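Visitor: next one to model:
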Amino acid sequence: MPSVSLSTAWNSSRHKDGKAMLEEIASLGFSRAELGHAVRYSLCPGIVDAVREGIVALSSVHNFCPVPLEVRRPSPNAFEFSDERPSTRALAVRHTLETFDFAVRVGAPAVVLHLGRAEAEPRRGISRKLAGLWEDGRYLKRDYTQAKLAAVAARRKAFPAVYGRVRPCLETLVAAAQERGLRLGFECREDYGEFPDEIEMETCLADFPPEVVGYWHDFGHAQRKAYLGWHDHAETLARRRPRLLGCHIHDCTPPDRDHLPLSPATAIPFPELVPFLPEGCIEVLELSPRTKVEDVVASREAWEALKSASPRAA
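Guide: This next block holds a predicted model:
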């Protein structure tokens, strides 16, 4: 069984050399790493050297990687497939294809994708509003429920137009991934305004071949939505299991503090969820850069203990 991987989201900002970045990950007992979306071009030569020398293997690459030169601050949402501007969608496709080529170069079998945005409000509009109401003790009160229902109604109305922009981009990318022998993971997002939500994900997955496209489950993102009442975490994971390609692992405390290290007493109910992971699922610890070294190691050990103690779901 492949060992758990560590995302360079934890340490890429602290390194000027990609080989040193991956050597640090290997020194903590990891044999695999995921290249996060904050990997700069300057890190790439060292990454290639580290992979060639067998310091670590790469489990996956998170789009965009390396960071597009036009982008001042690394962001997986710098260019979106859902953008109303054709020129921006074209940039999203172009830089994703560059990510594919780099993934092939370093031997990573999978690429994690964010698909876009559906909400017209400023980023995290409804999610931030509901989290604020949650903290004020208003969870499921009238104002909370009304805001949530209005967001769902707007989302259902927006879906045809949003997916009408996203799908042509994905058709191009899925074909390109298949040619390169890559698999793509459509990642669940923490913000209800991002695309797709749990219902829309069904359509996105059904429209593309399972040998190329799979579902990427982010435990922290899914738990943030569960805290706010958007879905049942275990039910969603069980439903996605047949298409589950990989997962990002981190803890999340209510209502929305995520990318936290794991411990024996995590807030996320991992013992109920881990049994739904299929054999061969790519498992990646995606921890905040603020996580201490000892907590990174403890997170790996906690995850290994969870896996050892969890039977597979039927």
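
Visitor: pLDDT value on the residue lying farthest from the centre of the chain, please?
Guide: In the chain, R142 marks the outermost C-alpha relative to the chain mean, sitting 32.3 Å out by CA atoms, centre = their mean. R142 is assigned 95 on the pLDDT scale.

Visitor: check A309 too.
Guide: pLDDT, read off for A309, is 88.

Visitor: same thing with S60?
Guide: At S60, pLDDT is 98.

Visitor: neighbouring strands - and their directions - for the helix or strand it falls within?
Guide: Element membership of S60, judged by DSSP states H and E, is strand 57-62. In the sheet, strand 57-62 lines up against strand 32-35 (parallel), strand 110-113 (parallel) (DSSP bridges).

Visitor: for the last one, give me every contacting residue.
Guide: For strand 110-113, contacts defined as CB atoms under 8 Å, 6 or more residues apart in numbering pick out 34, 59-63, 96, 99-100, 103, 173, 177, 182-187, 216, 245-246, 248, 282. Bear in mind the C-beta positions are built from the backbone N, C-alpha and C, glycine included.

Visitor: so which of those residues sit within helices?
Guide: Among the contacts of strand 110-113, the members falling in helices (DSSP state H) are 96, 99-100, 103, 173, 177.

Visitor: on that earlier part again, now the residue farthest from the centre of the chain: phi and psi?
Guide: R142 has phi and psi values of phi -60, psi -50 when expressed as degrees, to the nearest 10.

Visitor: for G18, see how far away it is.
Guide: Between R142 and G18 the distance is 53 Å, computed by CB to CB, to the nearest Å.

Visitor: kindly report the same for D101.
Guide: According to CB to CB, D101 and G18 sit 16 Å apart.

Visitor: who's more crowded, the two?
Guide: Using other CB atoms under 10 Å as the criterion, D101 and G18 rank with G18 on top: 26 against 12.

Visitor: got the contact list for that one?
Guide: G18 touches 39, 42-50, counting by CB under 8 Å, 6+ apart.

Visitor: what's the closest of those residues to E84?
Guide: Lowest distance from E84 to these (CB to CB) belongs to V39, with 28.5 Å.

Visitor: show me where this protein has its helices.
Guide: Using DSSP H, helices in the chain cover 18-27, 44-52, 86-105, 125-135, 142-180, 198-206, 219-227, 233-240, 270-273, 293-309.
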